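# Predicted model and sequence below, questions to follow.
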Amino acid sequence: MVTTTDEARVHPATTRAKRRDPAAGDSRRRRGGLEPSRVAYLYLLPALAVYAAFVLLPLLHTVWLSFFDWNGITVGTWTGLENYVEVLRDEDLRAAFVHSLAFLGFTCALPVALGLVLAALLSRHEIRGLAFFRSVLFLPQVIAMVVVGVAWRWMYADDGAVNQLLRLVGLDGVTRAWLGDFDLALPAVGLVGTWVMYGLCMLLFLSGAQKIDRSLYEAARMDGAGPVREFFAVTLPGLRQEVTVALTITAIYALRNFDLVYVTTNGGPGNASTVPAVEIYRLAFRESEVGLACAVAVVLMAITFVALLLITRLGRDRT
Amino acid sequence: MLESAHSPRRMWLAVIVGVAASALAACSLTPGANAPETRENQPISTVVPDGEPISLTLTHFEADGTGEAITRLIEAFEAAHPNVTIEPRYSAFADYGKNVKLVMSSNDPPDIAQVGQAHVMMGPLVQAGLLRPLDDYAQAYGWADRFSPGLLDQLRFTPDGMTFGQGDLYGASLGGNLVGVYYNREKLTRLGIDPAMPDLATFVAALEAAKAAGEVPIQLGNLEGWPGNHLLTDLIAQYDDVEAIRSWIYGEPGATLDRPGVKQAASTLQSWVDAGYITPSANGTAYEDGTTKFINGEGVFMITGNWAQARIDEEMAGNAGFMLLPPVSAGDPARATAALTSPFGISTRTEHPDVAAAFINFMISADAAPELLAGGYLPALRDSAATAPAGTAQEGTLAGWQQVAAADGQALYVDWATPSMGDDTLFPEVQRLLGGEQTAEGLIAAVQADWAEFQADK
């Protein structure tokens, strides 16, 4: 009650003052500098400037270049949307985008699923040497992608580790030079992506699982839930945020994937494993088709945005 | 109140739009720039002025032996002209290709630059007016007399940068490269095969003998795609007319690869795949890994270029030989996938074109030849008296190169024909052919379509 009267006492006075002299407020502000909230924007300005110079501007520039037929040196010719028509028309480029969808499965969906299963298993029980397992499973994340690519190229070779293992268990019939197989090169490279990413997902989920209220598990067990039921009723809902983060990171990686494909198969055999990023590189640096390369980049970016939009919506809807 | 709540957002918008607009204005609305002023009509001189210090930069992508040869030639030139310094700048081939256009169009381009033939490097640079035509220097120094006729054509471009093989001369090459057949001497002896093979049928019989003895007849690492294309083009050089191949590579009107000789070459390669003469792991093995396998005794033959020779001679120590792919009929002239090495050109913006040309002239002179040979270059100069140690693969590459040069049998590289021919068309198509996913006819149709599209656009 006291506050109301206080407000009533103060408020009319200020409003009256403003009404009396609307310019007074403005002149006061000018004299005393910016409002605190606007000063906050000033603090953001350096970061914004850097962001604009190194992210926004190159992005806009790329979009702009995608409307030109340009070889990278001489004056380009404005061609409007012709490059985008070419992206849709060109069989190799279309195939590259289809392959990046396969990579979404291998380096995004599969690692998240694997990570969930592993996290559920590891968090349910007290495991001796958990820190060791965690480190080993996370290791692929630490290694440079080029090194990962070269190592797997050798493991997939006809006398490599993969085939040696297969021969050991008597599966001589299925051995082959995996990266040279027209049907299996893409899944083979995709599985390397799975291998790189699942450790990260698992680690994210493990740390997320630790903050789930233990009483929820107890309640679930008392209600007679088995491990599977418990996973879907307690663990998965509790990890929603982490799943969204993991999906975001892995989806971005899956779509912009360049190094892994470039090092392992260079898009081959034929064009069985080519991806948009490899095509961008070829078009821009070897074939002097900078405009078309930019158009592919813009389309790839648009697809990435849509994918991320869907993922964030997925994370939000269920909350 | 309502207005002031919105104004930060407007401010943001204004900032973003403002920054974007000024950025677009700053990099001018249309990308690229027109050809810089050239100094073509200035009088030239073959005399290197002494006295005032002159400093040049040279960019190149020659590693190992060939790179060392260039370094030593620079030292020799500097010793002869104490006022001249040449600063070499090396970058690995993959990076070099990415940067060469940016470097040459920058405000401070190198005076001398190595530029790959054809449309990937040389074409765009010529089109942009960044390379100086060298015909005046070639005439003054008499370059045409040093090389076999027609050899310098692969360094020529029309001024629009679209047609190659004719027009102005834009560079000079220090050596040659050549594709042929490496063989394992010990295995040939055990199989009772004489490496002196008069014709292709003898070679195929040797493949069959190797296969029957349980050996890998032809080792190949073709993961990258380009190594396998040399098997096809070296066969094309035997079955087809070398003039016709060259005019097709040069993009002459009406040329086509859809000829019986090409088809026969592609069918032959396909039959080798079907017969199991080529290692089935080819498409899944990296080039260097394939070479390692051959060196380690997995494979009787390997078909690739002289660039592998130094490593093979070093690691196989006398157990390796090199021969040209034999002709279809005994006694036919020597033909092979072969060409000059990536030439050196001069920037249009150099302040010392005379000195730059003098150094290039020195690099392709008889005085420089021993240094180039020691570095692993095949001698590009005619009447070369170069020799190599007996019983090495180098002996074979040198002899093969001299035979091909004498017979004007260089078939050049088919992937020179268009900017996208290698990575996008020919290499994937050869991988498909080797993997049993493509026919000879299908390959030729795809390659010819790429060619036709490029010719129609230019």
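Noted; the coordinates are in hand. Numbering: from 1, shown residues only, chains lettered A, B, ... in the order given.

# In chain B, what residue comes closest to chain A?
Using C-beta to the nearest C-beta, the closest approach of chain B to chain A is made by B:Gly284 at 2.5 Å. Bear in mind the C-beta positions are built from the backbone N, C-alpha and C, glycine included.

# and B:Leu102, that's in a helix?
Yes - B:Leu102 forms part of a helix when assessed by DSSP: H, G, I helix; E, B strand; the rest coil.

# Quick check: residues of the stretch 201-350 of chain B near chain A?
Residues of the stretch 201-350 of chain B lying near chain A by C-beta under 8 Å from any C-beta of the partner chain: B:222-225, B:280-286, B:289.

# Next step: those residues restricted to strands.
Among those, DSSP state E puts none in strands.

# Of those residues, which is the nearest to A:Gly190?
Checking those against A:Gly190 with C-beta to C-beta, the nearest one is B:Gly284 at 15.7 Å.

# ok so, going back, among the residues of the stretch 201-350 of chain B next to chain A, which are located in helices?
Residues of these located in helices (DSSP state H): B:Asp289.

# Can you tell me which of the residues of the stretch 201-350 of chain B next to chain A are buried?
The neighbour count (16 or more other C-beta atoms under 10 Å in any protein chain shown) marks B:222-225, B:280-286, B:289 as buried among these.

# For chain B, what is the nearest residue in the stretch 1-150 of chain A?
Nearest to chain B, among the residues of the stretch 1-150 of chain A, is A:Ile73, at 3.9 Å (C-beta to the nearest C-beta).

# Can you verify my assumption that that residue contacts B:Leu125?
Yes - counting by C-beta atoms under 8 Å, B:Leu125 is a contact partner of A:Ile73 at 7.3 Å.

# list residues touching both of these two?
B:Lys101 (C-beta atoms under 8 Å, 6 or more residues apart in numbering or on different chains).

# thinking again about what came up before, compute the number of surrounding residues for the residue of the stretch 1-150 of chain A closest to chain B.
Using other C-beta atoms under 10 Å in any protein chain shown, A:Ile73 has 24 other residues around it.

# can you check the one 5 residues further on too?
Burial of A:Trp78, expressed as a neighbour count using other C-beta under 10 Å, amounts to 12.

# contacting residues around it?
For A:Trp78, the contact set (C-beta under 8 Å, 6+ apart) comprises A:67-68, B:30.

# Buried among the residues you listed? Need that as a selection in PyMOL.
Remark: buried members of those, expressed as a PyMOL selection using 16+ other C-beta under 10 Å:
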select buried, chain A and resi 67+68
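
# Present the contacts of A:Trp78 as CSV; the columns should include pLDDT, distance to B:Asp240 and secondary structure.
Formatted as CSV, these follow (pLDDT from 0 to 100; distance: C-beta to C-beta, whole Å; DSSP: H, G, I helix; E, B strand; the rest coil):
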residue, pLDDT, distance to B:Asp240, secondary structure
A:Phe67, 96, 42, coil
A:Phe68, 94, 39, strand
B:Thr30, 80, 43, coil
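
# Spell out which residues of the stretch 1-150 of chain A are next to chain B.
Residues of the stretch 1-150 of chain A lying close to chain B (C-beta under 8 Å from any C-beta) are A:37-38, A:41, A:48, A:52, A:56-57, A:60-61, A:64-65, A:68, A:70-76, A:78, A:92.

# Just the mean pLDDT for stretch B:66-76, thanks.
Averaging pLDDT along stretch B:66-76 yields 95.

# tell me which residues in it are buried?
Quick answer for stretch B:66-76 (16+ other C-beta under 10 Å): B:66-67, B:69-71, B:73-74.

# Count the neighbours of B:Leu174 for me.
29.

# what sits against it?
B:Leu174 makes contact with B:66, B:69-70, B:341, B:344, B:363-364, B:368, B:372, B:377, B:380, according to C-beta under 8 Å, 6+ apart.
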